[in-house]
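Q: got a predicted structure plus its sequence, pasted below:
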Amino acid sequence: MRRRFAEAGRRAFLWQALAVGLLLLGGWWVAGRVEGELAARGIRSGFGFLLQPAGFEIGESLFDFHAGLAYWQAFLVGFANTLRVALPGLLLATVLGALIGFARLSPNFLLRALGTAYVEVFRNVPLLLQLLTWYFLLTEKLPPVADAVEFLPGFFLSKSGLAFPLPAFAVAAGELAWPQRGLLNIEGGATVTPEYLAVLLGLAAYSAAYLAEIVRAGILSVSRGQVEAAAALGLTARQRMRWVVLPQALRLIVPPAGNQYLNLTKNSSLAVVVGYPDLVSVANTTLNQTGQAVECIAILIAVYLALSLATAALLALYNARLLRRGSAA
Amino acid sequence: MKLSPLRCALLVLAGAAAGFAAPAAHAGKTLDAVRQHGRVVCGVSTGLPGFSAVDSKGNWVGLDTDVCRALAAAVLGDAGKVKWTPLNSQQRFTPLQAGEIDVLSRNTTWTLTRDASMGLHFAAVTYYDGQGFMVAKKSKVTNVKQLKGAEICVQSGTTTEKNLTDYFRAQGMKAKPVVFESYEASLKAFFSGRCQAYTTDVSSLAAIRDKEVKNPDDYAILPELISKEPLGPAVRRGDDEWFAIVKWVVYALIEAEELGVTQANAESLKRSANPAVQRLLGGAEDMGRLLGLDKEWAYRAIRAVGNYGEIFDRNLGANSPLKLPRGSNQLWTKGGLMYAPPIR
Ligand SMILES: N[C@@H](CCC(=O)N[C@@H](CS)C(=O)NCC(=O)O)C(=O)O
């Protein structure tokens, strides 16, 4: 019996390997044809351009980027910018989503109604519009940088974003750790731009609506009997949540929440509409300067695919651990 | 319709893949296709007054659109037979490469990279432009040097983005570009005060200032021009016949101005004593045949939209809201750069 299973497994594996092989072969063939076709039409192709100097600046960057560096470095900056908005976005969305999910289950009517309203609004307005709304709220309503408001010592808020002090050790010699008013704008310290803020808030607010529903559904799935039994044992509401409900709910929450995380990361590619220099934005500029559309798009696809697969793998791992822990208990 | 970047990505890939379904031998095919469908498909901007924009009656107007009308008149005998395809800066080249449009007539700068590596050919220059900066007057900035460290709004997919960097680097200054894919978003951000300056071709700056703000006097265009931006129509590579047609239709409009042929007098000048005028209008000699057209090709183009000077004045110059000076776009005989090779 067992042998038969093993054999079936091996055969299935062989078929799959064959399919993957054929797919790769097909892809190879298509790539060859595309290359030939592009050459015939006088369109340059190949990835050699990645080593050439980029020749454009990127408005905000985690590294010290300048126009003399190569295209591949520009892509790296774009990628870092994507992560820089997606990762805090995940965190923010999770916290917000959990709060709203709990609010929707609250015995308090007002809280419940607010939670429902939030979910309905943010789920039903297209994300693109939400991003633009956040962005124009920030840039229309805040004062111009010349009249930036210093709402805490060293914290300036204006149309040019949020400037805040850096710890002295994080600052290169000759630079200011403490922001101060310059000729045209705020100098020194660190800044996050309104583009960044808009993308971060937009993504987090949008994903939180979905996460809230996932959290709510997960908690509701734990049968009442269990909660009542726990209460009968004398556990407080908080203890019931921590030791009885959450461990079971999490198993139902994690897979769909993972999907949501994936969506958030992919949705960050909409950042170009508000001028945030994410990976897509850098690819756009590169594509335009070099004319190498196919290559730039291929890079984009590969990166987003890798990100998605990596997230999926992490979640699968986490989920497996949860399940194991669940069955051991 | 707004396409997400990833959708665009798929489209481009699909376009490239579709490439091998259609044979590469396109030579001479564009003219046939244009005749067969009875229309010229013309790629224009999404709305830049003076060059290509929809007027209050819903018609496409502007210098770039008149080039397409002249083309339709020359090839099909009817200036109305144009299908307009609005394209933003970022999207503009792919549809041309993929054969979805016959000509890209959309404030596009002729550069080596574009001409040599993007599967297209620039046919002629219809407007000599240069890049400039616009600032709010209340910022008290009066020259580019004062923009040191400034945030500058710019649209992606343009030569503008790189010129900006080049110029600032040459001056030893740092610029912080804020790059938008959409034209409207870039303008909205600038006018809401997000950036201390907006940069693009100066003719466009003038058009933007005229159209987008209630009080144009609140904004100033700085005196410096930081680049050369020769704008003109482009066609797909590999079709020499169509390339020649587009090129010579533009030259016919310029030649007409030089010879004093206008929309109004073209009819009577057909029997002009000047052989050059006769040749242009197809009075006696048939030049059109050499292009695969008939002998009245240029006559019809001029009747449809007027000569280059008339087109300029109507859309950008004295008879337009923009009132731009002719400047470098004056005829070479009057100290400008507009020069058509002889039509003979
Ligand atoms: N001449 C430059 C810039 C042309 C350009 O695309 N300008 C922008 C800003 S004025 C534009 O026309 N945008 C309108 C649109 O995207 O539809 C180039 O060819 O790259």
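A: Nice, thanks for sending it over. Only a predicted model underlies this, so the values are computations on that prediction, with no experimental measurement involved.

Q: quick one, strands of the chain?
A: Since no chain was named, I'll use chain A. In order along the chain, chain A carries the following strands (DSSP state E): A:149-152, A:155-158, A:161-164, A:180-181, A:186-187, A:190-192.

Q: meant chain B actually
A: Taking DSSP E to define them, one finds strands in chain B at B:40-44, B:53-54, B:60-61, B:82-86, B:103-104, B:120-122, B:127-129, B:131-136, B:151-155, B:176-180, B:197-201, B:219-221, B:229-231, B:234-236.

Q: export those strands to JSON lines and tack on distance to residue B:299?
A: All C-beta spots, glycine's among them, are computed from the backbone N, C-alpha and C. Below are the strands of chain B laid out as JSON lines (distance: least, CB to CB, whole Å):
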{"stretch": "strand B:40-44", "distance to residue B:299": "18"}
{"stretch": "strand B:53-54", "distance to residue B:299": "28"}
{"stretch": "strand B:60-61", "distance to residue B:299": "23"}
{"stretch": "strand B:82-86", "distance to residue B:299": "19"}
{"stretch": "strand B:103-104", "distance to residue B:299": "21"}
{"stretch": "strand B:120-122", "distance to residue B:299": "26"}
{"stretch": "strand B:127-129", "distance to residue B:299": "24"}
{"stretch": "strand B:131-136", "distance to residue B:299": "37"}
{"stretch": "strand B:151-155", "distance to residue B:299": "39"}
{"stretch": "strand B:176-180", "distance to residue B:299": "44"}
{"stretch": "strand B:197-201", "distance to residue B:299": "32"}
{"stretch": "strand B:219-221", "distance to residue B:299": "39"}
{"stretch": "strand B:229-231", "distance to residue B:299": "26"}
{"stretch": "strand B:234-236", "distance to residue B:299": "23"}
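
Q: so which of those gets nearest residue A:312?
A: strand B:176-180 (31.2 Å; CB to CB).

Q: give me the helices and strands touching the closest one, please.
A: Packing contacts for strand B:176-180, counted by 3 or more CB pairs under 8 Å, 6 or more residues apart in numbering or on different chains; DSSP states H and E, involve strand B:151-155, helix B:159-170, helix B:183-191.

Q: kindly recompute the last result at 6 Å.
A: Packing partners of strand B:176-180 (3 or more CB pairs under 6 Å, 6 or more residues apart in numbering or on different chains; DSSP states H and E): strand B:151-155.

Q: quick one: strands adjacent to the strand it packs on?
A: Strands adjacent to strand B:151-155 in the sheet, as given by DSSP bridges, are strand B:176-180 (parallel), strand B:197-201 (parallel).

Q: got the CA positions of the first one in CSV?
A: Spelled out, that is strand B:176-180. C-alpha atoms of strand B:176-180 as CSV (Å, rounded to 0.1, in the frame of the first residue of the first chain):
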residue,chain,number,x,y,z
LYS,B,176,14.7,66.7,-5.8
PRO,B,177,12.4,65.6,-8.6
VAL,B,178,8.9,64.6,-7.7
VAL,B,179,7.9,62.4,-10.6
PHE,B,180,4.3,61.7,-11.6
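
Q: quick check: buried residues in that strand?
A: Within strand B:176-180, the residues scored as buried using 16 or more other CB atoms under 10 Å in any protein chain shown are B:176, B:177, B:178, B:179, B:180.

Q: show me what from the stretch 101-250 of chain A comes close to the ligand.
A: Contact residues, the stretch 101-250 of chain A versus the ligand (CB under 6 Å from any ligand atom): none.

Q: near chain B, which residues of the stretch 101-250 of chain A?
A: Residues of the stretch 101-250 of chain A that fall close to chain B, judged by CB under 6 Å from any CB of the partner chain: A:139, A:140, A:144, A:159, A:184.

Q: circling back to that earlier point, okay, the strands of chain A, which one's buried deepest?
A: strand A:161-164 (a mean of 22; mean count of other CB atoms under 10 Å in any protein chain shown).

Q: got any ranges where chain B has weak pLDDT?
A: Scanning chain B for pLDDT under 70 picks out the ranges B:1-27.

Q: quick one, domains of it?
A: B:29-128+B:231-329, B:131-227 (automatic domain parsing).

Q: quick one: closest of the ones you listed to residue A:116.
A: For those, the distance to residue A:116 is smallest for domain B:131-227, at 32.1 Å, taking CB to CB.

Q: in chain A, which helix is the longest?
A: The helix that spans the most residues within chain A, counting by DSSP state H, is helix A:2-40.

Q: show the average pLDDT along that helix.
A: Throughout helix A:2-40, pLDDT has a mean value of 82.

Q: so which residues of the stretch 101-250 of chain A form helices?
A: For the stretch 101-250 of chain A, helices defined by DSSP state H, counting those that start in this stretch occupy the ranges A:109-124, A:127-141, A:194-220, A:224-232, A:237-239, A:246-267.

Q: any weak-confidence spans in the stretch 201-329 of chain A?
A: Using pLDDT under 70, the stretch 201-329 of chain A drops low at A:326-329.

Q: any idea which residue of it lies closest to chain B?
A: In the stretch 201-329 of chain A, the residue found nearest to chain B is residue A:291; the distance is 3.7 Å by CB to the nearest CB.

Q: surely that residue and residue B:119 touch.
A: No. Judged on CB atoms under 6 Å, residue A:291 makes no contact with residue B:119 at a distance of 7.9 Å.

Q: re earlier: so which of the domains of chain B gets nearest residue A:134?
A: domain B:131-227 (12.7 Å).

Q: pick the one among the buried residues of strand B:176-180 closest to the ligand.
A: Set against the ligand, the nearest of those by CB to the nearest ligand atom is residue B:180 (9.7 Å).

Q: so the closest residue to the closest one other than its chain neighbours versus the ligand, what's the distance?
A: Once flanking residues are discounted, residue B:180 sits nearest to residue B:186: 3.8 Å by CB to CB, 6 or more residues apart in numbering or on different chains. Applying CB to the nearest ligand atom, to the nearest Å, the value for residue B:186 to the ligand is 7 Å.

Q: pretty sure residue B:186 contacts residue B:156?
A: No. Counting by CB under 6 Å, residue B:186 sits too far from residue B:156 to count as a contact (8.5 Å).

Q: could I get the helices of the stretch 101-250 of chain A as a markdown table with distance to residue A:302?
A: Shown next, in a markdown table, are the helices of the stretch 101-250 of chain A (distance: least, CB to CB, whole Å):
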| stretch | distance to residue A:302 |
| --- | --- |
| helix A:109-124 | 30 |
| helix A:127-141 | 23 |
| helix A:194-220 | 22 |
| helix A:224-232 | 46 |
| helix A:237-239 | 46 |
| helix A:246-267 | 14 |
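
Q: out of these, deepest packed?
A: helix A:194-220 (a mean of 23).

Q: any idea how far it is from the chain center?
A: Distance of helix A:194-220 from the chain centroid (CA atoms, centre = their mean, to the nearest Å) equals 11 Å.

Q: and it, what does it pack against?
A: Identification of packing neighbours for helix A:194-220 by 3+ CB pairs under 6 Å, 6+ apart yields helix A:71-105, helix A:109-124, helix A:127-141, helix A:246-267.

Q: which residues touch the second one?
A: By CB atoms under 6 Å, 6 or more residues apart in numbering or on different chains, the residues outside helix A:109-124 that reach it are A:100, A:103, A:104, A:106, A:205, A:206, A:209, A:212.

Q: tilt between that helix and helix A:71-105?
A: Between the axes of helix A:109-124 and helix A:71-105, defined by axes from the mean of the first three to the mean of the last three CA atoms, to 10 degrees, the angle is 150 degrees.

Q: now the angle from helix A:109-124 to helix A:194-220?
A: For helix A:109-124 against helix A:194-220, the angle by the same axes, to 10 degrees is 120 degrees.

Q: just the CA coordinates of helix A:109-124, formatted as PDB?
A: This file holds the C-alpha atoms of helix A:109-124, laid out as PDB (Å, rounded to 0.1, in the frame of the first residue of the first chain):
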ATOM      1  CA  PHE A 109     -23.500  49.800  19.300                       C
ATOM      2  CA  LEU A 110     -21.600  52.900  18.300                       C
ATOM      3  CA  LEU A 111     -18.300  51.100  18.000                       C
ATOM      4  CA  ARG A 112     -20.000  48.400  15.900                       C
ATOM      5  CA  ALA A 113     -21.600  50.900  13.600                       C
ATOM      6  CA  LEU A 114     -18.300  52.800  13.200                       C
ATOM      7  CA  GLY A 115     -16.500  49.600  12.400                       C
ATOM      8  CA  THR A 116     -19.100  48.600   9.800                       C
ATOM      9  CA  ALA A 117     -19.000  52.000   8.200                       C
ATOM     10  CA  TYR A 118     -15.300  52.000   8.000                       C
ATOM     11  CA  VAL A 119     -15.200  48.600   6.300                       C
ATOM     12  CA  GLU A 120     -17.900  49.500   3.800                       C
ATOM     13  CA  VAL A 121     -16.300  52.800   2.800                       C
ATOM     14  CA  PHE A 122     -12.700  51.600   2.500                       C
ATOM     15  CA  ARG A 123     -13.500  48.400   0.800                       C
ATOM     16  CA  ASN A 124     -15.800  49.900  -1.800                       C
END
